[in-house]
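Participant: pasted the sequence and its predicted model underneath.
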Amino acid sequence: MSIAVGLVGAGGVGETHAENLVGSERASLEAVCDLDGETARAVAEAADARAYTDTAELFADADLDAVYVATPPRTHADLVREATARGLAVFCEKPLAASVEDGREIVRAVDESGVPFMTGFCLRFAEPCLRLRDLVAGGALGEPVTLFSARSGSGVPSAGNWRVDPEQACGVTVESASHNLDLLRWLGGEVARAAGATANVSHPEIDGFDDNVVATLTFESGAVGCVRNSWTSSVETLRHGVIGTEGAAVLEGDGWWRHDRLTYRTAGDRHATTVAFDDGTATDTGYRGETRAFLDAVAADADPPVDARDGLRALELSHQILSG
């Protein structure tokens, strides 16, 4: 079965998704839509697909099985409603939406349509993160007590990027820290509550914008967690970890998107073990893995491993943090 896919949003991560779809034996990228006609045409030509600048024309003209939504999060709800109403499976980039209200509307649309829907939390499909989760899920660390996830880098977008457009911006806590929040839910189970504080040092003129966040989490299990994310750090760092009742594991990287080494020690180990990942593994962000998982779910008409409710829960936690 070849799955006919349309892509809405061809800049940045949309182009990455297009490349992965073209490289998949399970799918054919049939249509690409972007408000910027040149961007749409460039990505479409590379995929031998049709280019559009109007989503209504894409949905009316293209014969599709699924659609990728890779536009700014404030546009997600309308696009998901349109796609699900047509019976199309949907892959939606994180964050699920900018507002909790829109996120809940997306969940309702998915529930009503019954189509496969996947939220794009790529870290769940990166091999180093999978290795960390295997230690936790397999019980090697005992019961999680403390979990943490921190990413820092010079990530404030330049002028013209939607992230600093006052009409589209949603800030680091909703946009980027959604990765941290979903990762810790995946590792430690459901989060009962979240709180935190944010700062805005780069764009004080944008109301409600934040570029730094520090947050604490309390899990339903009783474990506690910490999330830190910065778009304004001149030193790039990445660190995720779990301290359990029987051991601990820390995944570290020397860059915003690098997972270079996993260090762990379990009960009975005399010394800690460090696994160093080669460059290809360290820089694998999980995009190819999530593409395979989504296409497998569409082919089987099954629920993908990361669904709309996972996206909604991360969004709800982001807004709990923003509310203090």
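Facilitator: Sure, I can see it. Numbering: from 1, shown residues only.

Participant: low-confidence ranges in the stretch 201-324 of the chain?
Facilitator: Judged against pLDDT under 70, the stretch 201-324 of the chain has no low-scoring part.

Participant: tell me how the protein divides into domains.
Facilitator: 3-122+288-305, 127-284 (automatic domain parsing).

Participant: now those domains as JSON lines including mean neighbour count and distance to residue 316?
Facilitator: All C-beta atoms are positioned from the backbone trio N, CA, C, and that covers glycine. Shown next, in JSON lines, are these (neighbours: other Cβ atoms under 10 Å; distance: least, Cβ to Cβ, whole Å):
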{"stretch": "domain 3-122+288-305", "mean neighbour count": "20", "distance to residue 316": "6"}
{"stretch": "domain 127-284", "mean neighbour count": "18", "distance to residue 316": "9"}
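
Participant: same list (those) but as CSV, adding distance to residue 313.
Facilitator: CSV is the format used below for these (distance: least, Cβ to Cβ, whole Å):
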stretch, distance to residue 313
domain 3-122+288-305, 9
domain 127-284, 7
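
Participant: show me where the stretch 51-200 of the chain has its strands.
Facilitator: Here the stretch 51-200 of the chain has its strands, by DSSP state E, counting those that start in this stretch, at 66-69, 89-93, 117-120, 144-152, 191-199.

Participant: for residue 230, find the nearest of those strands.
Facilitator: Closest to residue 230 of these, according to Cβ to Cβ: strand 144-152, at 4.3 Å.

Participant: pLDDT of the closest one, averaged?
Facilitator: Average pLDDT, strand 144-152: 97.

Participant: run through who's touching that strand.
Facilitator: Strand 144-152 is contacted from outside by 136, 176, 179-181, 183-184, 187-189, 217, 219, 221, 223-230, 233, 235-245, 256, using Cβ atoms under 8 Å, 6 or more residues apart in numbering.

Participant: let's go with 6 Å and repeat that
Facilitator: Applying Cβ atoms under 6 Å, 6 or more residues apart in numbering, the contact partners of strand 144-152 are 180, 183-184, 187-188, 223-230, 233, 237-244.

Participant: narrow these to those in strands?
Facilitator: If you go by DSSP state E, the contacts of strand 144-152 have 224-230, 237-244 in strands.

Participant: just the closest of those to residue 283, please.
Facilitator: Residue 283 has its nearest neighbour among the ones in strands among the contacts of strand 144-152 in residue 238, at 11.4 Å by Cβ to Cβ.

Participant: the closest one reaches residue 253, doesn't it?
Facilitator: Yes. Residue 238 lies in contact with residue 253 (Cβ atoms under 6 Å); the separation is 3.7 Å.

Participant: can you put the strands of the stretch 51-200 of the chain in TSV and add distance to residue 305?
Facilitator: Shown next, in TSV, are the strands of the stretch 51-200 of the chain (distance: least, Cβ to Cβ, whole Å):
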stretch	distance to residue 305
strand 66-69	16
strand 89-93	12
strand 117-120	8
strand 144-152	19
strand 191-199	19
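
Participant: out of the ones you listed, the one nearest residue 270 is which?
Facilitator: Closest approach to residue 270 among these is made by strand 144-152 (21.8 Å; Cβ to Cβ).

Participant: how many degrees apart are that closest one and strand 224-230 in direction?
Facilitator: 0 degrees (axes from the mean of the first three to the mean of the last three Cα atoms, to 10 degrees).

Participant: adjacent strands (with direction) for strand 144-152?
Facilitator: Applying DSSP bridges, strand 144-152 is found paired with strand 224-230 (parallel), strand 237-244 (antiparallel).

Participant: in CSV: those, plus distance to residue 128.
Facilitator: Compiled in CSV, those are given as follows (distance: least, Cβ to Cβ, whole Å):
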stretch, distance to residue 128
strand 224-230, 18
strand 237-244, 9
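
Participant: and residue 80, which of these is closest to it?
Facilitator: strand 224-230 (25.3 Å).

Participant: out of the strands of the stretch 51-200 of the chain, flag the one nearest residue 271.
Facilitator: Residue 271 lies closest to strand 144-152 among these, at 21.3 Å (Cβ to Cβ).

Participant: and the helices in the stretch 151-300 of the chain, which stretches?
Facilitator: Counting by DSSP state H, counting those that start in this stretch, the stretch 151-300 of the chain has helices at residues 171-175, 177-188, 279-282, 287-300.

Participant: now those as a markdown table including distance to residue 12?
Facilitator: Formatted as a markdown table, the helices of the stretch 151-300 of the chain follow (distance: least, Cβ to Cβ, whole Å):
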| stretch | distance to residue 12 |
| --- | --- |
| helix 171-175 | 12 |
| helix 177-188 | 15 |
| helix 279-282 | 21 |
| helix 287-300 | 12 |
